[in-house]
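Student: coords below, sequence missing:
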């Protein structure tokens, strides 16, 4: 018989690999903010070595690819990140930017629209959506 812990006890900590992955992913995000692309890439790769599904590292690799003009690579990383964390407006915004830079305006508009459903005040997503649909105003209800 398997015993469940009492409900008043917190769940067990993350496994050590996930903790290490989170550590390196956070370093990578910090490196990106400081425009240290090489440092960020190295830390994101270390994070992914510990946990291949670390969303922050996957999204970070997508953001790096996007800034380096590698839309195809950015799309691959960001699609995976969006599948793993579907309610993250930043990921959908980055995915929209990647699609936009690849010339796929329809997919870009869809990604920006998802970002706007999650965060209606997301100016980058709103501007990207407008650009993707030919600079037409965004529908207010964003179905």
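Tutor: Received the coordinates, thanks. Predicted model only: the values in this text are computed from it and were never measured.
Student: Name the residues of the longest helix seen in the chain that are buried.
Tutor: For the chain, the helix with the greatest residue count under DSSP state H is helix 16-33. Buried residues in helix 16-33, defined by neighbour count with 16 or more other Cβ atoms under 10 Å: 20, 21, 22, 24, 25, 27, 28, 29, 31, 32. Every residue, glycine included, has its C-beta placed from N, CA and C.
Student: Show me what that helix is packed up against.
Tutor: Here helix 16-33 touches helix 37-50, helix 55-67, going by 3 or more Cβ pairs under 8 Å, 6 or more residues apart in numbering; DSSP states H and E.
Student: Please identify the deepest-packed of those helices.
Tutor: helix 55-67 (a mean of 23; mean count of other Cβ atoms under 10 Å).
Student: Name the residues that touch the helix or strand just after that helix?
Tutor: As assigned by DSSP states H and E, the chain's next helix or strand after helix 55-67 is helix 71-84. Helix 71-84 has contacts (Cβ atoms under 8 Å, 6 or more residues apart in numbering) with 53, 55, 58-59, 61-63, 65-66, 88, 91-92, 94-95, 98-99, 101-102, 111, 114.
Student: Thank you, goodbye.
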